[in-house]
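> Fold the stuff below for me.
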Amino acid sequence: MRRSARRTRTVSWRREGATVVVSIPASMSRTEERRWVDEALRRLERSDARRRPGRRAGDADLAARADALARAHLDPIAPDGPWPRPASVRWTRPMRTRWASCTPAEATIRVSERLRDVPGWVLDHVLVHELVHLREPGHGPAFRAAEAAYPRSERAIGYLEGLSAGAGPEITGTDEGTDDTEDA
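Model prediction:
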């Protein structure tokens, strides 16, 4: 909490590392101070939840997100009805070389828990990538065209490449192989 004699009417807040700093006018009462601190924490938590949807999401939330993405981005481009849906979508312990994987024969998608803290649009790209594998097993032109139905794919790929570089040699991104388990 920072009180300022120069501040007369406005309240602001920001993070400084793990600490939330709330700046208020020096003339504000303790009751108003408590109300603004509570409000700042509530808004920051809501903002974090929007930006980092995986933090609290369970498997059911992940599956619902995948279904919504398929409806919004893939169903409109599917030539013969709705895009195939996975039988399961679930978080899995951190994978050593992949962000996620799909087994088309079983229609299962697994997403590394390392992605719990990425922005929502990055998680969405990974889910779309794996959903595309339900119809396109390889990473050929048809796959890339379908993957591009998600408008932020290129940006998300760049984000993941940067995250991979920061993580060291462990995560290599995509495996261009065509075995039964495709990955992002």
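> could you point out which element follows the top strand by length along the chain?
Taking residue count as the measure and DSSP state E as the definition, the longest strand of the chain comes out as strand 19-25. Past strand 19-25, further along toward the C-terminus, the next helix or strand under DSSP states H and E is helix 30-51.
> Next SSE downstream of that next one?
Toward the C-terminus, helix 30-51 is succeeded by helix 59-69 as the next helix or strand (DSSP H and E).
> helices and strands around that following helix, which ones?
strand 88-92, helix 120-133 (3 or more Cβ pairs under 8 Å, 6 or more residues apart in numbering; DSSP states H and E). To be clear about C-beta, it is placed using only N, CA and C from the backbone, and glycine gets the same treatment.
> related to what we said a few turns ago, identify each buried residue in the longest strand of the chain, please.
By 16 or more other Cβ atoms under 10 Å, the buried positions in strand 19-25 come out as Val22, Ser23, Ile24, Pro25.
> what about stretch 16-30, how long is it end to end?
The first and final residues of stretch 16-30 sit 23 Å from each other (Cα to Cα, to the nearest Å).
> Noted, bye for now.
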